[in-house]
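Novice: Structure, please.
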Amino acid sequence: MAQPNRLAFLDALRGLAAVYVVLFHVMAMPAPALATGPVMGAVLAMGGTGVALFFVISAFSLAYTMPRHARTPRPLLSFYLHRVFRIAPLFFVLLAFSIWRDGRGSHAGHSLPEILANVSFTFNLFPGWEAGIVWASWAIGVEMLFYAVFPLLFRVIDRPLRAWWVAVAGTLASLLAGAGVFGAGGLAAVGDYGLLRHLPVFLYGILAYHLFAALPTLQAGTARRCCAAALFGGALLLVALTVGSARAWVVPGLGWILFGAGYAALLVGMSRFPLKWVVNRVTAYLGQVSYSLYLAHPIVVALLIPVFRRIQAQVPHADLAYLACAVLTLAVAIPLAHLGYRLIEVPGIRAGHRLLAAINGRRTAADAERAR
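Specialist: Have a look, this model is predicted:
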């Protein structure tokens, strides 16, 4: 479904983020993990940071579209309805499947309170339920908390300099919490699913938006040089972090934050230098179906693990065997993601638009009646 004012580089990076997470799970979900060579293994091991790229893109996208909501009769309602109808339909379908799957045979299933926490997207707030019932949905739980406070953040962070300071403050708070300065509660907040662990990455996305929005105020040459520096610096940082993580030189919490900073720099750079091998019709399409690809791919990987083992037995070279498994996974997961996007996501988005139009229409009619 084409949308006005879509940014091609943003869709492309979203698609690549989804694929990176898929490639990581192809290697990491089987037990034991699929064997790879040292170089490929180091790159794939960082595939989980594709979620950090998702978070950066999400914050950037929300900031980019917020002025559109502000022009509607009910800005907050417009924002929250769009978010709910964008996320909930596919999530609820997979939640229903997951509840059925986990309640069969010897599986214990899920209690009613846990199910209600997932239905209400509050599961991140309950210890032990943060991972979510739907596989890989922990990121949705974190995103929903960020959505809850985003309108306030956007109102406060209204210029590039303030975005810098808030990003610095969020980073310091996360690092201090990780160092134990704020006690057990702070350490819990920077756990794998803790909001304070991921808040700096979201803030980098907001900062990236403000830097992007400020580019037209610069001379063309200056803007291009700034974006070239961001692109090169971001890419260099990501490579250094990948090598450093493989050699255990990078502390995981700090590494996650730095990956977020690198991805934010890369995003700003891509806005002026959309490299064809990164930003193209294929990656833009993957960006369209990325949400379905992200949520559905763990099921595909789990079902294909027996096939992976046969491929490993037949292909002696570890990297080639892994690549065959990855290609097979994408060949199954992408068509399923296309169906999820067309049959669930698009109708859900349209339903949200219709509901908002109906609410705004009633308000307009009521205002006209009072004006008589």
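Novice: For Phe91, see how far away Val51 is.
Specialist: 16 Å (C-beta to C-beta, to the nearest Å). Every C-beta, even on glycine, is put in place using the N, C-alpha and C of the backbone.
Novice: for the stretch 251-372 of the chain, which spans come out with low pLDDT?
Specialist: Counting by pLDDT under 70, the ranges of the stretch 251-372 of the chain that qualify are 363-372.
Novice: That one: strands as residue ranges?
Specialist: With DSSP state E, counting those that start in this stretch, there are no strands along the stretch 251-372 of the chain.
Novice: Now do the buried residues in the helix or strand containing Ser61.
Specialist: Taking DSSP states H and E as the definition, Ser61 sits inside helix 50-70. Going by neighbour count (16 or more other C-beta atoms under 10 Å), the buried part of helix 50-70 is 50-64, 66, 69.
Novice: pLDDT (mean, whole number) over the next helix or strand after it?
Specialist: Remark: after helix 50-70, the chain's next helix or strand is helix 75-102, criterion DSSP H and E. Model confidence over helix 75-102, given as mean pLDDT, is 96.
Novice: Does the closest residue to Val278 other than its chain neighbours belong to a helix, a strand or coil?
Specialist: Sequence neighbours aside, Ala12 is the residue nearest to Val278 in space, at 5.8 Å (criterion: C-beta to C-beta, 6 or more residues apart in numbering). Following DSSP: H, G, I helix; E, B strand; the rest coil, the label given to Ala12 is helix.
Novice: Which elements pack onto the helix holding Ser61?
Specialist: Contact partners of helix 50-70 among helices and strands, from 3 or more C-beta pairs under 8 Å, 6 or more residues apart in numbering; DSSP states H and E: helix 8-28, helix 75-102, helix 138-156, helix 195-214, helix 252-272.
Novice: Report the angle between the third one and helix 75-102.
Specialist: Relative orientation of helix 138-156 versus helix 75-102 (axes from the mean of the first three to the mean of the last three C-alpha atoms, to 10 degrees): 170 degrees.
Novice: Quick one: distance of helix 138-156 to the chain centre.
Specialist: 12 Å (C-alpha atoms, centre = their mean, to the nearest Å).
Novice: Likewise for the fourth one?
Specialist: Centroid separation for helix 195-214 versus its chain: 13 Å, with C-alpha atoms, centre = their mean.
Novice: Over to the second one?
Specialist: On the basis of C-alpha atoms, centre = their mean, helix 75-102 sits 15 Å off its chain's mean C-alpha point.
Novice: Show me what counts as buried in that helix.
Specialist: 77-91, 93-95, 98-99, 101.
Novice: just checking, what packs against the helix or strand that that helix is followed by?
Specialist: The element immediately downstream of helix 75-102 (helix or strand, assigned by DSSP H and E) is helix 112-119. With contacts defined as 3+ C-beta pairs under 8 Å, 6+ apart, the packing partners of helix 112-119 are helix 75-102.
Novice: Tell me what angle the helix it packs on forms with helix 50-70.
Specialist: 140 degrees.
Novice: Run through the neighbouring helices and strands of helix 75-102.
Specialist: For helix 75-102, the packing partners by 3+ C-beta pairs under 8 Å, 6+ apart are helix 50-70, helix 112-119, helix 138-156, helix 290-314, helix 346-371.
Novice: out of those, which comes closest to Ala208?
Specialist: Ala208 lies closest to helix 50-70 among the helices and strands packed on helix 75-102, at 5.2 Å (C-beta to C-beta).
Novice: The closest one relative to helix 8-28, how many degrees between them?
Specialist: 150 degrees.
Novice: count of residues packed around the closest residue in space to Gly234 that isn't next to it in sequence?
Specialist: Closest residue to Gly234 apart from its sequence neighbours, by C-beta to C-beta, 6+ apart: Ala265 at 3.1 Å. When neighbours are counted by other C-beta atoms under 10 Å, Ala265 registers 26.
Novice: Same check on Leu320?
Specialist: Leu320: 12 neighbours (other C-beta under 10 Å).
Novice: What separation is there between it and Leu330?
Specialist: Leu320 is 16 Å from Leu330, by C-beta to C-beta.
Novice: same check, this time on Ala63
Specialist: Taking C-beta to C-beta, one finds Ala63 at 31 Å from Leu330.
Novice: now do Leu343
Specialist: For Leu343 relative to Leu330 (C-beta to C-beta), the value is 20 Å.
Novice: Between the two, which is the more surrounded one?
Specialist: Leu330 (19 against 14).
Novice: I'd say the more buried one and Tyr20 touch.
Specialist: No - between Leu330 and Tyr20 there is no contact under C-beta atoms under 8 Å: 11.7 Å.
Novice: Identify the residue nearest the geometric centre of this protein.
Specialist: The centre of the chain sits closest to Phe54, judged by C-alpha atoms, centre = their mean, with a distance of 2.6 Å.
Novice: which one is that one nearest to, not counting chain neighbours?
Specialist: Closest to Phe54 by C-beta to C-beta, 6+ apart is Ala17, at 5.1 Å.
Novice: sorry, back to before: and the average pLDDT for the helix holding Ser61 is what?
Specialist: The model assigns helix 50-70 a mean pLDDT of 96.
Novice: Same question for stretch 35-46.
Specialist: 95.
Novice: do the same with stretch 131-140
Specialist: 96.
Novice: Contacts for that stretch next, please.
Specialist: Residues outside stretch 131-140 that contact it (C-beta atoms under 8 Å, 6 or more residues apart in numbering) are 21, 25, 51, 54-55, 87, 91, 94-95, 98-99, 102, 110, 114-115, 118, 121, 123-124, 130, 141, 192-193, 294-295, 297-299, 302.
Novice: Could you do stretch 231-246 as well?
Specialist: Under C-beta under 8 Å, 6+ apart, the answer for stretch 231-246 is 38, 41-43, 45-46, 250, 255, 258-259, 261-270, 273.
Novice: buried sites along that stretch?
Specialist: Going by 16+ other C-beta under 10 Å, stretch 231-246 has these buried residues: 231, 233-234, 237-238, 241-242, 245-246.
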